[in-house]
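K.L.:
Compute the structure for the input listed below.
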Amino acid sequence: MAKRGSKSKAATPESDLPEGFETVASARGDGWYIKEAGNQIWGELLGRFRKRKSLNESDSFFYQIMIEKPVRASRKEEEETIEVTLEPGQIVNVDETSSLQDLAPLIESGKRWRVVIEAIDKVKIPGTAQTFWRFKIGKQAITPANEPRVKPRESDVS
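P.N.:
Coordinates of the predicted model:
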């Protein structure tokens, strides 16, 4: 049975940074985006990271987004995967799928980007047993005029 909550159990690396520095990105997040129709991410795209696989499998990637609006996500606590609602300032991890690969050039551009990602539906690939998720994806360059008002949250872990 899934539990709900918004407290972050993921440690943030902010305490390891010199005074005056803010976290830009890290391989840690507060939860993983739940692909579910209508679940929307709205926030600043922080980075793209590689997930190492075994020798026989190719590596995959995921993105990190500092959210500006609440989003449903999952997180592993002890041996159980639970559903949580992440709050503005927390970081959500999003697995890269073929539908989301167009986010990679945004990272490589060197600019800051606000993105909106919303799962629409799961579609069956004709002639196969496979499915894929369709998404609405939007981007907006971050400028001083539209700078996000949220800042990275301090860890809720004491």
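K.L.:
buried sites along stretch 64-81?
P.N.:
64-68, 71-73, 75 (16 or more other CB atoms under 10 Å). Quick note: C-beta positions are derived from backbone N, CA and C, even for glycine.
K.L.:
pLDDT below threshold where in this protein?
P.N.:
The model of the chain has pLDDT under 70 over residues 1-15, 23-27, 153-158.
K.L.:
Could you pull out the helices in it for me?
P.N.:
Under the criterion DSSP state H, the chain carries helices at the ranges 104-108.
K.L.:
now Ala141, which residues is it bridged with?
P.N.:
Trp113 (DSSP bridges).
K.L.:
circling back: present the buried residues of stretch 64-81 as a markdown table; the columns should include distance to Asn93.
P.N.:
Output for the buried residues of stretch 64-81, formatted as a markdown table (distance: CB to CB, whole Å):
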| residue | distance to Asn93 |
| --- | --- |
| Gln64 | 6 |
| Ile65 | 8 |
| Met66 | 11 |
| Ile67 | 11 |
| Glu68 | 16 |
| Val71 | 11 |
| Arg72 | 13 |
| Ala73 | 8 |
| Arg75 | 10 |
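K.L.:
Cross the residues you listed against strands and list the overlap.
P.N.:
Residues of the buried residues of stretch 64-81 located in strands (DSSP state E): 64-67, 71-73, 75.
K.L.:
The nearest residue to Ile65 once chain neighbours are set aside and Thr131: what is the separation?
P.N.:
In space, and not counting its chain neighbours, Ile65 is closest to Gly43: 4.5 Å by CB to CB, 6 or more residues apart in numbering. Gly43 sits 26 Å away from Thr131, going by CB to CB, to the nearest Å.
K.L.:
quick one, which of these two is more surrounded?
P.N.:
Comparing Gly43 with Thr131 by other CB atoms under 10 Å, the one with more neighbours is Gly43, at 25 against 10.
K.L.:
So the more buried one sits against Trp113, correct?
P.N.:
No: if you go by CB atoms under 8 Å, Gly43 and Trp113 don't touch, sitting 9.9 Å apart.
K.L.:
List the contacts of Trp42.
P.N.:
For Trp42, the contacting residues are 67-69, 71, 114-116, by CB atoms under 8 Å, 6 or more residues apart in numbering.
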